[in-house]
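Chemist: requesting a structural model of the entry that follows:
(chains A and B)
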Amino acid sequence: NAGVTQTPKFQVLKTGQSMTLQCAQDMNHNSMYWYRQDPGMGLRLIYYSASEGTTDKGEVPNGYNVSRLNKREFSLRLESAAPSQTSVYFCASSSALNYGYTFGSGTRLTVV
Amino acid sequence: DQQVKQNSPSLSVQEGRISILNCDYTNSMFDYFLWYKKYPAEGPTFLISISSIKDKNEDGRFTVFLNKSAKHLSLHIVPSQPGDSAVYFCAASGEGGNFNKFYFGSGTKLNVKP
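Modeler: Below you'll find the predicted structure:
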């Protein structure tokens, strides 16, 4: 099925470890996003890529890096994981013709 | 400070009745608003949108109302069905003409009782 695919679905990290969350979309969307969802906080934008080759900070970028590898793929990297980064991470994409996002099913990350 | 607020964490409604979910925002630059629905262990799915040039948009059982002067929008679901039980997020964008950055509320969990 067409859509946004995130890997992995679950991950447990120790404090200080690094990891990369992968995201790919097959809808030929120009824009891609990374959000985190925390209880009582809703979804907060970490980074986004309006088009291939560009990336910009969102509301909560500290502790994260991103790479827009090509039009399809947008990865999120945690260089040194902290317990405050325990969250559910959602990747999304959108086209300029439709401002609504298509979300992936999420990655549940726990940092211990 | 959150720019989009959903002050009701939860709402319980009887099947067949109307569900009204509310959302307030603080940034007068916001120009475009969306509602998303989220089931457990899934990503949010787009439900309905409205731009600031309208005050109402309808799609089947779902209607979104926008009151720009009050910086308030609401989602009406009529009639409510048990399958509507989910978390609903409102989102807003348009700050500085940037429609790539959406700000989300904290969500309202709707429970529709059979």
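
Chemist: what residues does chain B put near chain A?
Modeler: Residues of chain B lying near chain A by C-beta under 8 Å from any C-beta of the partner chain: B:2, B:4, B:6, B:9, B:32, B:34, B:36, B:41-46, B:49, B:89, B:91, B:93, B:99-107. Where you see a C-beta, it was placed from the backbone N, CA and C, and this is true even at glycine.

Chemist: now do the strands in chain B.
Modeler: Assigned by DSSP state E, chain B shows strands spanning B:4-5, B:10-14, B:19-25, B:32-38, B:45-51, B:56-59, B:62-67, B:72-77, B:86-93, B:103-104, B:108-113.

Chemist: so what does the fourth one touch, helix or strand wise?
Modeler: Under the contact definition 3 or more C-beta pairs under 8 Å, 6 or more residues apart in numbering or on different chains; DSSP states H and E, strand B:32-38 sits against strand A:98-103, strand B:19-25, strand B:45-51, strand B:62-67, strand B:86-93.

Chemist: looking at the ones you listed, which is closest to residue A:56?
Modeler: With C-beta to C-beta, the closest approach to residue A:56 among these belongs to strand B:86-93: 13.7 Å.

Chemist: list the contacts of residue 59.
Modeler: Because you didn't say which chain, this covers chain A. Residues in contact with residue A:59 (C-beta atoms under 8 Å, 6 or more residues apart in numbering or on different chains) are A:44-46, B:103.

Chemist: not what I meant, chain B
Modeler: Counting by C-beta under 8 Å, 6+ apart, residue B:59 makes contact with residue B:48.

Chemist: filter the residues of chain B next to chain A to the buried ones?
Modeler: Neighbour counting with 16 or more other C-beta atoms under 10 Å in any protein chain shown marks B:2, B:4, B:6, B:32, B:34, B:36, B:43-44, B:46, B:49, B:89, B:91, B:93, B:99-107 as buried within these.

Chemist: residues near residue 87, how many?
Modeler: Assuming you mean chain A. 21 (other C-beta atoms under 10 Å in any protein chain shown).

Chemist: let me rephrase: I mean chain B.
Modeler: By the criterion of other C-beta under 10 Å, residue B:87 has 20 neighbours.

Chemist: list the contacts of it.
Modeler: Contacts for residue B:87 (C-beta under 8 Å, 6+ apart) come out as B:37-39, B:107-110.

Chemist: ok, the residue lying closest to residue B:49 once chain neighbours are set aside to residue B:50 distance?
Modeler: Among residues not flanking residue B:49 along the chain, residue B:34 sits closest, at 4.7 Å (C-beta to C-beta, 6 or more residues apart in numbering or on different chains). Counting by C-beta to C-beta, to the nearest Å, the separation of residue B:34 from residue B:50 is 8 Å.
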